[in-house]
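Colleague: pasted the sequence and its predicted model underneath.
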Amino acid sequence: MDRAKTARDEAGRSLILESEVTANRFNLSFLAVLCILALATLGLTLLGTFKIDMRVLIPSTVSAFALFLLPIAVFFFHDVIKKKTPSILENRRFRVLVLIPTWLGIGLISVALSFHAAILLTVPILVTAQYRGNRRMIVETAIAALILVPVSVYGAFFFGTPDRNLLKGIADAGKTVPLSERVELATPKRMFELFTHYVVPRLLSMLAIGVLAASVNRRNRRMLDKQLELSGQRQEEMERRYSVQSHVVETLATLIETRDAGTGEHVIRTKKYVSMIASKMLEDPVFRDKLTPEDVDRIENAAPLHDVGKIVISDAILLKPAKLTPEEFEVMKTHAARGGKMIGKLFAKLNDPLFLKTAEEIAVSHHERWDGKGYPDGLAGENIPLSARIMAVADVFDALVSFRVYKSSISPDLALDTMMAESGTHFDPEIMRIAEELRYELIAESLKPTA
């Protein structure tokens, strides 16, 4: 599968998911406000502000309150109490748990409060508009509105507030109109009058709000689509940059191998060890806040450049079939700093400062020691870049298990034992702990033939 396309698809899914989560958060906050309004309605009625039959108000308001509270309670239980991941706000079906209670709750309040709650009929449409809509959602919203408006009007006629216009001829201030009298008044003519004077105006108002909400939703969708397009372009640019980096790294690794076959194979193996160790660290609590998946990718991709400075070391020293003299070793040690300078020149124009920084750190500092006795700068402890500390473990492990003309190889098991003895002196003790946890995987990898 094309890597650029995969990256674009992942970025698109991420943006769409972020949009869904944002909509859910907003609507949960709005439902919390509706819960407060439901309780306020009950309180105002008890104070005599609204003249509503308590037998209608209490079940309507309590039911609406419970409906509004349901999605909030589910979110609180899932994300706050249980602390489950991913968040339930990332579940696309959670919007159903938000929308249905909203429509039902507003319907109940509209029945109980009659004309006092007319403005609330627009709430479900506005809540629905927060989501990334499609044609199906628009149709469903329109159908729900067509049902909600007549139900709220005729429901209010039979059960709600005694509006003198709605119950013309029998509604007096403060009077509770029994259902039997309302039924007697429900002649075809009166029902038609309710439709023309109440249902139609409210439907037209809902239509206007619906058009506005659809326009806002469409604008939001276009903005999201634009973000997806820009994200895709950015991913393509990153992919091109990554391709150039990989080509340069592979070319340099090949160049190293043409001068020293042992070093070339060493580059291949150490990259694998670095990947194994860094990936394991990403899961570890000690390093979870110090590494990201992007960091791991950069460290792995930069690892083959750790010995690039050896290109400028003379053949007499680099290919010497014996142990180096102290003077020769001093020259060999310069490959670290010189490698960092080479990388700075090679990658300066690739417009990827993070990769450049990581590659330079690895090249310059992978021979530093935890106790400060390494080279070229004598850095100690966490002053040594993390990427270089990882590289140091992979580098020494491969050097110990590999044959050189000036030394014999040792078994991978003994190599790890030897390195564990230098944990806290030569190596970062926490990284060596990770290497010990990977003992069997590292041993198995070291025994594979180099491709």
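Modeller: Thanks, I have it. Numbers count the residues shown, from 1 in each chain.
Colleague: what about the residue nearest to Pro429 when sequence neighbours are not counted, neighbour count?
Modeller: In this structure, Pro429 finds its nearest non-sequential neighbour in Ser423, 4.6 Å apart by Cβ to Cβ, 6 or more residues apart in numbering. All C-beta spots, glycine's among them, are computed from the backbone N, C-alpha and C. A total of 18 residues lie near Ser423 under the criterion other Cβ atoms under 10 Å.
Colleague: so where's the protein shaky on pLDDT?
Modeller: Residues of the chain meeting the criterion pLDDT under 70: 1-12, 49-53, 115-116, 134, 161-176, 224, 228, 231-264, 450-451.
Colleague: buried ones in the helix or strand containing Gly339?
Modeller: Per DSSP states H and E: Gly339 is located in helix 335-347. By 16 or more other Cβ atoms under 10 Å, the buried positions in helix 335-347 come out as 335-340, 342-343, 346-347.
Colleague: can you give me the helices in the stretch 351-451 of the chain?
Modeller: Along the stretch 351-451 of the chain, counting by DSSP state H, counting those that start in this stretch, helices occupy 353-365, 386-401, 412-421, 429-437, 439-446.
Colleague: do you know which of the ones you listed lies nearest Ser205?
Modeller: When the helices of the stretch 351-451 of the chain are compared by Cβ to Cβ, helix 353-365 sits nearest Ser205, at 54.3 Å.
Colleague: hmm, back to that, Ser114 versus the residue nearest to Pro429, what's the distance?
Modeller: When distance is defined by Cβ to Cβ, to the nearest Å, Ser423 is 77 Å away from Ser114.
Colleague: number of nearby residues for Pro293?
Modeller: 10.
Colleague: likewise Lys310?
Modeller: 19.
Colleague: now do the contacts for the nearest residue to it once chain neighbours are set aside.
Modeller: Distances taken as Cβ to Cβ, 6+ apart put His335 closest to Lys310, at 4.7 Å, once the chain neighbours are dropped. For His335, the contacting residues are 307, 309-310, 312-313, by Cβ atoms under 8 Å, 6 or more residues apart in numbering.
Colleague: next, Val286: secondary structure please.
Modeller: Of the three states, Val286 takes coil according to DSSP: H, G, I helix; E, B strand; the rest coil.
Colleague: likewise for the one 5 residues further on?
Modeller: Here Leu291 is coil, with the state taken from three-state DSSP.
Colleague: now do the phi/psi pair for the residue lying closest to His426 once chain neighbours are set aside.
Modeller: With Cβ to Cβ, 6+ apart as the criterion, His426 has its nearest non-adjacent residue at 5.1 Å, and that residue is Arg369. Per-residue torsions, Arg369: phi -120, psi 150 (degrees, to the nearest 10).
Colleague: picking up where we left off before, want to try CSV for the helices of the stretch 351-451 of the chain, with distance to Leu282 as columns?
Modeller: Output for the helices of the stretch 351-451 of the chain, formatted as CSV (distance: least, Cβ to Cβ, whole Å):
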stretch, distance to Leu282
helix 353-365, 15
helix 386-401, 11
helix 412-421, 21
helix 429-437, 10
helix 439-446, 15
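Colleague: now these in CSV, with mean neighbour count?
Modeller: Output for the helices of the stretch 351-451 of the chain, formatted as CSV (neighbours: other Cβ atoms under 10 Å):
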stretch, mean neighbour count
helix 353-365, 22
helix 386-401, 23
helix 412-421, 16
helix 429-437, 18
helix 439-446, 16
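Colleague: nearest to Leu185, out of the ones you listed?
Modeller: With Cβ to Cβ as the criterion, Leu185 lies closest to helix 353-365 of the helices of the stretch 351-451 of the chain, at 75.7 Å.
Colleague: hang on, the earlier thing: ok, now how distant is the residue nearest to Lys310 from Ile313?
Modeller: With distances taken as Cβ to Cβ, His335 is found 6 Å from Ile313.
Colleague: try Val98
Modeller: 66 Å.
Colleague: please apply the same query to Asp79.
Modeller: 57 Å.
Colleague: for stretch 203-222, buried residues please.
Modeller: 203, 206, 209-210, 213-214, 217, 220.
Colleague: end-to-end on stretch 364-376?
Modeller: End-to-end distance for stretch 364-376, by Cα to Cα, to the nearest Å: 7 Å.
Colleague: give me the contacts around that stretch.
Modeller: Residues contacting stretch 364-376 (Cβ under 8 Å, 6+ apart): 306, 333-334, 336-337, 339-340, 377-381, 384-385, 388-389, 391-392, 395, 424-429.
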